[in-house]
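**Student:** Can you look at this prediction? I've put the sequence above it.
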Amino acid sequence: MESIKELKIKCQSGKRSKDFLLMKGYTFHREVSIYVTKFLLTFFPKIKPNTVSFLMIFVSLIGCLLLLSSCAYTAGAGIFFVYLGFILDKVDGEIARYKNTYSLRGGYLDEVYHMLIPNLLLICFLFPALMEGRIAGLIFLIIILLNLMNRFNRKISLIISVKLNRMIKDGLVKIQKENNFINKFFNLFIFKIFSLIERFDLIILSIILIIPAEIFLGYSLRVYYLYIYFIFSLIYFTRWTFLNYFGNLEKEVDNLIKRGY
């Protein structure tokens, strides 16, 4: 079995870049995941990437459900399982790159994970906050919708590229010209900072910090978290909607491909 250093080169190629905001901080988690990858490859050499993908969804589901408990220790165990699922989300790709085994099913399972688990985590964690009244419940439903749309916004350029590929090649669809003002305005740091809403590790970290505090403060922190998350989601959604509509989708396709999406 290769050393950790060799595995990093082989399994994490292109995944440790810091050239855009969402990648910053993920290096730490890659330092954790590579040890899990080595463990699985050593003791389960025949393991398939899709098996790990199923496992990441399963343990994440358990973690989310444990968060429904009013017991801080049970909720803490839930966060552990959610984070384990988050790490396994890295491991399945690392094993795929190690074995040079890729599949559409693996990509599908990855999308299922990213669409299902973050939203289910919010549902289970914010459930007590929903009991505060109708406004909180309405805002929560809007958050779930925004989360789904934000995920869609990240993929929309790829979807359009595939859907209109032949028409683009035939010259029937012209690549739209960028609106420089819109691009510069929504790429200001003040707007980019709201991309943190996509950082699943930071969402998990914020929940880790909130759960112990609730022993003394009750569930009020979850209500505040609900409103803060709503503001971040709304601004993030607005930013990418404008960038997609007024930007260069062809360039965005190239960027997504380079990032491995």
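**Tutor:** Yep, that arrived.
**Student:** which regions of the chain lie under the pLDDT threshold?
**Tutor:** Along the chain, the model assigns pLDDT under 70 to residues 16-24, 132-133, 218-219, 256-261.
**Student:** which helix in it runs the most residues?
**Tutor:** Of all the segments assigned as helix in the chain under DSSP state H, the longest by residue count is helix 134-163.
**Student:** Would you mark the buried spots in that helix?
**Tutor:** By 16 or more other Cβ atoms under 10 Å, the buried positions in helix 134-163 come out as 136, 139-140, 143-144, 146-147, 149-151, 153-154, 156-157, 160-161. (Each C-beta comes from the backbone N, C-alpha and C, glycine too.)
**Student:** Nearest to residue 6 among these?
**Tutor:** residue 154 (31.8 Å; Cβ to Cβ).
**Student:** all helices for the chain, in order.
**Tutor:** Remark: helices assigned in the chain by DSSP H are 4-11, 26-43, 49-66, 72-99, 104-130, 134-163, 165-169, 180-186, 189-192, 200-217, 220-246, 249-259.
**Student:** what's the angle from the longest one to helix 104-130?
**Tutor:** Meaning helix 134-163. Using axes from the mean of the first three to the mean of the last three Cα atoms, to 10 degrees, the inter-axis angle of helix 134-163 relative to helix 104-130 is 160 degrees.
**Student:** Mind giving me the packing neighbours of helix 134-163?
**Tutor:** Contact partners of helix 134-163 among helices and strands, from 3 or more Cβ pairs under 8 Å, 6 or more residues apart in numbering; DSSP states H and E: helix 104-130, helix 220-246, helix 249-259.
**Student:** Also the shortest one?
**Tutor:** Applying 3+ Cβ pairs under 8 Å, 6+ apart, one finds that helix 189-192 contacts no other helix or strand.
**Student:** Would you mind writing the CA trace of that helix as CSV?
**Tutor:** The C-alpha atoms that make up helix 189-192 are tabulated as CSV, following Å, rounded to 0.1, in the frame of the first residue of the first chain:
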residue,chain,number,x,y,z
PHE,A,189,-16.1,40.1,-1.9
ILE,A,190,-19.1,41.3,0.0
PHE,A,191,-21.3,39.0,-2.2
LYS,A,192,-18.7,36.2,-2.5
